[in-house]
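Peer 1: With the sequence up front, the predicted model follows.
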Amino acid sequence: MTAVSVSRRSFLAASLAGGAALTFEAKLAFAAAPGAAEPAMLGVFVSIAPDNTVTILAKNPEIGQGVKTMLPMLIAEELDVAWSQVKIKQADDNADKYGPQFAGGSMTTPLNWLPARQAGAGARAMLVAAAAQQWSVPAASLTTGEGMVKHAASGRSITYAALAPIAAKIAAPDLEKVPLKNPKDFKIVGKPRPGVDTPAIVRGEPLFGIDAHPQGMLYAAMVKCPVISGTLKSFDDAAVRKEKGVLAVVPITDGEIPAGKHNAVAIVGDSWWRVHKAREKLAVQWDTAGFDGYSTEGYAAQAKALLGATPAADLFRAGNADAAMSKAAKVVTADYAYPFLAHATLEPQNCTAVWHPDGKLEFWAPTQDPGTARGDIAKVLGIDPASMTIHMTRIGGGFGRRLMSDFMIQTACIAKALPGRPVKLLYDRTDDLRNDYFRPAGWHRMTAGIDASGALVALKDHFVTFGENGKPMRAAGMLASEFPGPELPDVHYGVSYLKTNVTTGWLRAPTSNAVAFVFQGFLDEVAEAAGTDLPELMRRTLGAGRKFPSSDPDEPVFDTARARGVVDAVCKFASWTGKRSTTPGKGRGFGFYFSHRGYFAEVVDLTVADGQITIDKVWVAGDIGSQVINPLNAEHQMQGAVIDGIAQALVWQPIEQKAGAVTQENFGDFPLIRINQTPGDVAITWVVTDNPPTGLGEPTLPPVIPAIANAIRDATGKRLRSLPLTLA
Amino acid sequence: MAISLTVNRKPRTVDVEPDKPLLWVLREDLNMPGTKFGCGAGLCGACTVILNGEAVRSCQTALSDAAGKEIVTIEGVTASPVGAKVVEAWTALDVPQCGYCQAGQIMSATALLTATPKPSADEVTAGMAGNVCRCATYLRIQKAIAEASKAISGAAA
């Protein structure tokens, strides 16, 4: 998780540059006194129209995680309006005005739970102050509800709309001190709310990046070096330019971030279908020297050799693991591995931009991180970040892919070459699969020592991953404080690095989606050797309620009592007995993981028949604190994440490389999970604890992967230690 | 040469290359971007439309093959009673997450329920297996099809 937090740090740094990271920048800045017929702005998020319709800006990118509905729910709750009064609009990128605007790390809830409520409560306080002024009564004698201010003593009431023009002139209260509702009084939060865009989605309205269509727009397809990091040597576009509809050919060669990783030649014209077809007429030479020696087989062979050697560096050391192993009653050792994976968002990477005659750049972008993209584009093109406008479109799947800026930088380069003409760059599926920021592969040699009482007393992991200069590549790290390291007396986590030419990146529950499989799969082996089951081994290892700080100061403390809470809850929920399966082909497995501030334990029931694995049911117990904000969407996120985890465990093909190039082409050789592979049920139970609410996009995913591996062991007696899990 | 077809009950004429896929004709020439591009190879179902009553992948359907045919897209699906019930169920159950695949899912579900108003679980699986949802909204898709099926049978009774 090290790399994840690096990103988070940069997010926070970016937002801190504009002010405080953990509060809305709002400070309820006011527009000039609005005319009677105009909606009045109360702060930067809320405007109230004369018909008492309340428009709330949704500030973060919507990738299907539900924040376009969830953030306005928080504001509307404290503003004390009826949800039926609320209209929601997507904000443009403007972190100085709105605060952090990224969709990553399941951070939207923890970063906005208080500030969004404070923004709503601040606007409410100003409406109440306006009514107090009008009626010459103390503000404390007034109540609110459904967009009205009421004075019980005199029986008077007035709409927010009538008060808004006056309220807009009142000084904003201190948002840190503005009173907030007691959660037991919530009317909007905690109730199921359908997605705000659902009616438009089911009507096929243009919402997504690919649907952007500014007037006069041109289309661009790209020809990309098949070997990532390869650079453009030369090209001949004479034949391409003769093709119907082709208007320009634009090389994208310099200043890419990371440098040289995304050289391409863009073909621009009046139809994407035409320019895409015209690609076959382009003669192009690439320089791939130094990058064409990388292959899947090569990585595996190097990893095998490294696993047997001493780790290049220590990640974590406590006591003396080797000495403890030699004294242990039992020693268990096993090797685990997982492949590179692509994100495969169903909406391929795309972006639309226009370089206006005055030198200003305007984007319509499906980006998870517009602020970082703004900075990257400014750096590459040498322009002022403030000269860009970024409209955030709805996004056809993120999963971490669109935290990266590559597709926006490429679009900006094309737009710059064609000033005055909007242009949309669209990847085809093969471009998208081969030019990803992949979840990196990894290998672990795990060793555990068990004492005579059956307790886990010593642990070693030699982690072989991808890195350079003694540091892991993006999303290729592991926390030094990975459970159960700090909980045990004698531990050694060591690491060795391989090199690769491909770009790596964050895939939903990054690092956790791999490390959970390794550690919880291996701990199931330890439990078996110790004569117990994994939940019981977890209880013994977690011990009494203790708090372990993360090795990364940006990461949260690990609370063993909360971990214990979900372990016990899922065992009760699934009627876990710890008994091994007695029905051939039926198996049950357990997995736990703590990531993105959420504690999750899951039980999988599955059937193995004729070499086919069918997931019958998944049981989930989760602790994300005191409040589930939108239960309808929470269920959806959790079921989706569980099925996404099942896909990583059972369905997805690894991303493979030959001579430096990724070989996967489309959903034929990189299949996605389909309806026939969906479990019969994903059942959810909550452990509500007195902790601030945290996010749900990611933490449900990791535990299901080891739970499946452990259930396969139960059903078949086979330990599968490499993803995807396949029965030979 | 101009090619004529019927889209959502309206006659349309398009003068582009006859081998241009229907998907791109809809998106680029008829200004109907509800039908989505996902793979360009008939593997994901995002581009599903109904052509003469059958669910087809519009990325694999040349304009010339659609000539003279009746095409229904997501923009016009509620004109049929079955399509209207499907969209209603999709809305009531809040099926979409990102929503990108849902036009294709709705078209496949409409074709399925038009041909088979009370599908078995296996028939639902078979009818929907060509449509991927990267967010994995499959449990709600199954529920929505069951709801729509009930509503259709109720309306017919």
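Peer 2: Looks like it arrived, so ask away. Quick caveat, the model's predicted, so the values are computed rather than measured.

Peer 1: give the contact list for the residue of chain B found nearest chain A.
Peer 2: Per Cβ to the nearest Cβ, the residue of chain B with the smallest distance to chain A is residue B:34, at 2.3 Å. Any C-beta I mention is one placed from the backbone N, CA and C, and that applies to glycine too. Taking Cβ atoms under 8 Å, 6 or more residues apart in numbering or on different chains as the contact definition, residue B:34 lies against A:203, A:204, A:205, A:206, B:73, B:74, B:75, B:103.

Peer 1: Out of those residues, list just those in helices.
Peer 2: Of the positions in the contacts of residue B:34, residue B:103 sit in helices, assigned by DSSP state H.

Peer 1: filter the contacts of residue B:34 to the buried ones?
Peer 2: When neighbours are counted using 16 or more other Cβ atoms under 10 Å in any protein chain shown, the contacts of residue B:34 contain these buried positions: A:203, A:204, A:205, A:206, B:73, B:74, B:75, B:103.

Peer 1: tell me the contacts of the third one?
Peer 2: Okay, so that is residue A:205. For residue A:205, the contacting residues are residue B:34, taking Cβ under 8 Å, 6+ apart as the criterion.

Peer 1: Per-residue pLDDT of it, please?
Peer 2: At residue A:205, the pLDDT value in this model is 98.

Peer 1: Which residue is the nearest non-sequential neighbour of the closest residue to chain B within the stretch 351-500 of chain A?
Peer 2: Relative to chain B, the nearest point of the stretch 351-500 of chain A is residue A:396 (3.1 Å; Cβ to the nearest Cβ). Closest residue in space to residue A:396, ignoring its immediate chain neighbours: residue A:347 at 2.4 Å, by Cβ to Cβ, 6 or more residues apart in numbering or on different chains.

Peer 1: The residue of chain B closest to chain A: what secondary structure?
Peer 2: Secondary structure, DSSP: H, G, I helix; E, B strand; the rest coil: residue B:34 is coil.

Peer 1: gap between the closest residue in space to it that isn't next to it in sequence and residue B:83?
Peer 2: Leaving aside its chain neighbours, residue B:34 sits nearest to residue A:204 (2.3 Å; criterion: Cβ to Cβ, 6+ apart). In this view, residue A:204 and residue B:83 are 11 Å apart by Cβ to Cβ, to the nearest Å.

Peer 1: Likewise for residue A:530?
Peer 2: Taking Cβ to Cβ as the measure, residue A:530 falls 58 Å from residue B:83.

Peer 1: Identify the residues contacting the residue nearest the centre of chain B.
Peer 2: For chain B, residue B:107 is the residue whose C-alpha lies nearest the centre (Cα atoms, centre = their mean; 2.2 Å). Listed by Cβ under 8 Å, 6+ apart, the contact partners of residue B:107 are B:48, B:49, B:50, B:55, B:72, B:73, B:74, B:77.

Peer 1: Helix or strand: which one has the third one?
Peer 2: Residue B:50 is located in strand B:48-51, with elements delineated by DSSP states H and E.

Peer 1: partner strands of that strand, parallel or antiparallel?
Peer 2: The strands beside strand B:48-51 in its sheet (DSSP bridges) come out as strand B:54-57 (antiparallel), strand B:70-72 (antiparallel).

Peer 1: Now render these as a markdown table, adding mean pLDDT and mean neighbour count.
Peer 2: Formatted as a markdown table, the entries for the strands paired with strand B:48-51 read as follows, by pLDDT from 0 to 100; neighbours: other Cβ atoms under 10 Å in any protein chain shown:
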| stretch | mean pLDDT | mean neighbour count |
| --- | --- | --- |
| strand B:54-57 | 98 | 20 |
| strand B:70-72 | 98 | 21 |
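
Peer 1: Redo the ones you listed as CSV? Include distance to residue A:148.
Peer 2: CSV is the format used below for these (distance: least, Cβ to Cβ, whole Å):
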stretch, distance to residue A:148
strand B:54-57, 50
strand B:70-72, 46
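
Peer 1: coming back round to it: can you pull the pLDDT of the residue of chain B closest to chain A?
Peer 2: Per-residue confidence at residue B:34 stands at 98 (pLDDT).

Peer 1: Also residue A:438?
Peer 2: 97.

Peer 1: in the sheet, who's paired with it?
Peer 2: The residues paired with residue A:438 through beta bridges, assigned by DSSP bridges, are residue A:504.

Peer 1: what's the neighbour count on it?
Peer 2: Taking other Cβ atoms under 10 Å in any protein chain shown as the neighbour definition, residue A:438 ends up with a count of 28.

Peer 1: Many thanks, we can stop here.
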